[in-house]
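[1] Show me how the following folds:
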Amino acid sequence: MKQNHKAKILYATFLRCLLWLLPGLFLLASCGGSRNAGNGSTKAPRGTYTQTGLGSYYAAKFNGRATASGSTYRPGQMTAAHNTLPFGTVIRVTNTRNGRSVDVTVTDRGPHTKGYIVDVSRRAAEQLDIVSAGVVPVRLVVIKAAP
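    Predicted coordinates:
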């Protein structure tokens, strides 16, 4: 009788964990990406992943620092930080206030503030016209999956 009770508890715990994990699995499946940019990472096909939220840009103090991908951040390059898309993914970021868009390559992780979905380099921020505002609503679309 004790074994049957333990089995029921184990099964109930398993179901609770599964219900907790399912939304995350569906989210990962819908974006088609993974945090791991290593070999065998899932690619996000062109145009299938879109996201809206707030966008900002790198502060000047990050110039010359290493990014999560191992490259060096340079404000004059067209790069961005995203929390989940694989490194090397090219995304189109659109400032929804003025309609301006830029294509940038994901080379870093971030932003780490709730509601923010992308940090772009200074050059990209200038082209999007977000430097004076600092933070603007943006839409991003995957243009080219990571190699």
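[2] pretty sure P75 contacts V120?
    No: proximity of P75 to V120 does not meet the contact threshold set by CB atoms under 8 Å, at 10.2 Å. No exception for glycine: its C-beta is placed from N, CA and C like everyone else's.
[3] In terms of neighbours, single out the busier of these two.
    Using other CB atoms under 10 Å, the more surrounded residue of P75 and V120 is V120, with 27 against 18.
[4] Return the residues in contact with that one.
    Shown in contact with V120 (CB atoms under 8 Å, 6 or more residues apart in numbering): 55-58, 79-80, 93, 102, 104, 128, 130.
[5] and which of those is nearest to S71?
    Set against S71, the nearest of those by CB to CB is T79 (7.8 Å).
[6] Now the closest one. Its backbone dihedrals?
    phi -130, psi 170 (degrees, to the nearest 10).
[7] Return the per-residue confidence for it.
    We have a pLDDT of 96 for T79.
[8] Pairing partners for it in the sheet, please.
    In this entry, T79 is beta-bridged to T105, by DSSP bridges.
[9] from what I can see it touches D103, true?
    No: taking CB under 8 Å as the definition, T79 is not a contact partner of D103, at 10.7 Å.
[10] Show me the strands in this structure, by range?
    50-57, 79-81, 90-95, 101-108, 116-120, 136-144 (DSSP state E).
[11] Need the residues touching each of P75 and V120.
    Common neighbours of P75 and V120 (CB under 8 Å, 6+ apart) are Y58.
[12] who's in contact with the closest residue to V135 other than its chain neighbours?
    Among residues not flanking V135 along the chain, S56 sits closest, at 4.8 Å (CB to CB, 6 or more residues apart in numbering). Residues in contact with S56 (CB under 8 Å, 6+ apart) are 111, 113, 116, 118-120, 130, 134-135.
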